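[1] Return a 3D structure for these sequence lines:
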Amino acid sequence: MLIPRLISRSAKQSAIGSPAWILPVHRKQHNRRFGSLPRLAAALLASVSLCPLAVAADADTAVRTGPAESALGLEFARNDIIKVDVEMALINVTVTDPTGRMVTGLDKTHFLLKEDNKGQVIEQFGAEEAPLSLAVVFDASGSMGYKMTKAREAVAQFFKTSNPEDEFFLVQFNNRPEMVTGFTRSMEDIQSRLTFVRSKGRTALLDAIYLALNQMKQAGNSQKALLVISDGGDNSSRYTPREIKRTVRESDVQIYAIGIYEPYSTRGRTPEEAAGPGLLTEIAEATGGRQFAVQNVNELPDIAEKIGIELRNQYVLGYVPENTQKDGKWRRVKVEIKRIRGMPELRAYYRNGYYAPTR
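    Numbers count the residues shown, from 1 in each chain. Down below sits the predicted model:
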């Protein structure tokens, strides 16, 4: 059963994105009323989510639904209203083995979760697919050249993992970013627009990420992600790496990147190109996503498909934070995977924290 909610934003909200959200539940009721929370979490939330539910003081209290429910045209009876007094944080987690392959089939006993170095009890657990709002952030700078064909094929392969409720938009960039399409469910439209993209100019990667995050404010789905395809470091943006890192930290959008890099032995690499892999990795992993660095362009379609599958097979961990202060401060989250007999050491990718609400 979907639950009515009101969306409120923390004072820590950035200019371009919402902070993490919290899902409040009644401590005595959540096990019964949220028996299908894994479905709810997968359908409504991404990364660390903080989202307040509607609270009814009495039977005459009006209820408004949030954007996701309104878009689906759902209606709720008054007897669906749940009074709340506790906030639950939800975290999306991807688990991989040492070779980078995704690991599924784990249960909550395999996870350890901490907030500000204090152990937390995982009260809800799930691993189900949710509709996705995604931006394709496509490098059209001069250095892309012969890589463009395979980059287009990568986008097409990613779309093969989509479902009918997904929505997409396209941002291309060279000297500056350009919003090519707004949100659409027509994958064909985006692929058609990419057909006419030509490589030229410099690389305003950070500006393109900022523009895409800004457009994400209009997303109709609660799970949001950026797919960045680029071949080098930034050399033309107005925004600095520090500003973008702060921005993605405050957003609720996961970033996955495919970096197409020349071998390290290649001569003539600029400082920006040399810093490119590290910069994209740091930005992506801060959001719970990751970067895939490639040297062979023929690998692009397979990697794009892998990202699409990964986005739809994440674990969702729900816990009630012990720190209940609504002070707007950063809460650092850490997720670890316990050693499993007969398996190598596993790695978890997840958003590494969230800003607490202010009220």
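
[2] can we go C-alpha only for contacts and neighbour counts from here?
    Will do.

[3] so when I look at Gly145, I'm seeing a strand, right?
    No: remark: Gly145 does not belong to a strand; assigned using DSSP: H, G, I helix; E, B strand; the rest coil, it is helix.

[4] What number of residues are in the vicinity of it?
    12 (other C-alpha atoms under 10 Å).

[5] Could I get the pLDDT score of it?
    At Gly145, the model reports a pLDDT of 92.

[6] Also Glu273?
    Here, the pLDDT recorded for Glu273 equals 62.

[7] now do Leu72
    37.

[8] again with the one 5 residues further on
    Looking at Ala77, its pLDDT is 43.

[9] Over to the one 3 residues further on?
    According to the per-residue confidence, Asp80 scores 42 in pLDDT.

[10] can you check Gln13 too?
    The score at Gln13 is 37. That number is its pLDDT.

[11] now swap in Glu129 and tell me
    Listed pLDDT for Glu129 reads 75.

[12] Next up, the contacts around the spatially closest residue to Asp166 that is not a sequence neighbour.
    Nearest residue to Asp166 in three dimensions, chain neighbours excluded: Leu132, at 4.8 Å (C-alpha to C-alpha, 6 or more residues apart in numbering). By C-alpha atoms under 8 Å, 6 or more residues apart in numbering, the residues touching Leu132 are 165-167, 221-225.

[13] Show me the shaky parts of the stretch 151-300 of the chain.
    Along the stretch 151-300 of the chain, segments meeting pLDDT under 70 span 263-276.

[14] rerun that using 90 as the cut-off
    222, 231-233, 250, 261-279, 295 (pLDDT under 90).

[15] which stretches of it form strands?
    With DSSP state E, counting those that start in this stretch as the criterion, the stretch 151-300 of the chain has strands at 167-173, 177-184, 223-230, 254-260, 291-294.

[16] contacting residues around the first one?
    Right, the one you point to is strand 167-173. With C-alpha under 8 Å, 6+ apart as the test, strand 167-173 has contacts from 132-141, 177-187, 190, 203-205, 208, 211-212, 220.

[17] hmm, back to that, any of the contacts of Leu132 buried? List them.
    Neighbour-count burial (16 or more other C-alpha atoms under 10 Å) applied to those gives 166-167, 221-225.

[18] got those as a markdown table, with distance to Thr358 columns?
    Compiled in a markdown table, the buried ones among the contacts of Leu132 are given as follows (distance: C-alpha to C-alpha, whole Å):
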| residue | distance to Thr358 |
| --- | --- |
| Asp166 | 32 |
| Glu167 | 31 |
| Asn221 | 24 |
| Ser222 | 21 |
| Gln223 | 23 |
| Lys224 | 23 |
| Ala225 | 26 |
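
[19] hang on, the earlier thing: give me the beta-bridge partners of the residue nearest to Asp166?
    Leu132 has these beta-bridge partners by DSSP bridges: Gln223.

[20] Pull up the gap between it and Asn163, please.
    Distance of Leu132 to Asn163, given as C-alpha to C-alpha, to the nearest Å: 8 Å.

[21] Repeat that for Ile244.
    According to C-alpha to C-alpha, Ile244 and Asn163 sit 30 Å apart.

[22] Out of the two, name the residue with the larger neighbour count.
    The neighbour comparison of Ile244 against Asn163 (other C-alpha under 10 Å) goes to Ile244, with 16 against 13.

[23] Quick one: residues contacting the more buried one.
    Contacts of Ile244 (C-alpha under 8 Å, 6+ apart): 206, 209-210, 283.

[24] Please apply the same query to Met343.
    So Met343 contacts nothing (C-alpha under 8 Å, 6+ apart).

[25] Per the annotation, how does this protein divide into domains?
    23-129+313-355, 132-311 (automatic domain parsing).

[26] and the closest residue to Gly145 other than its chain neighbours, what is it in contact with?
    Nearest residue to Gly145, sequence neighbours excluded (C-alpha to C-alpha, 6+ apart): Ser199, at 5.8 Å. Going by C-alpha under 8 Å, 6+ apart, Ser199 touches 140-145, 148, 174.

[27] still on that earlier bit, out of the strands of the stretch 151-300 of the chain, flag the one nearest Gly328.
    strand 254-260 (21.2 Å; C-alpha to C-alpha).

[28] Can you check what angle separates that closest one from strand 223-230?
    Between strand 254-260 and strand 223-230, the angle comes out at 20 degrees (axes from the mean of the first three to the mean of the last three C-alpha atoms, to 10 degrees).

[29] what sits against Ile190?
    Ile190 neighbours (C-alpha under 8 Å, 6+ apart): 169-170, 181.
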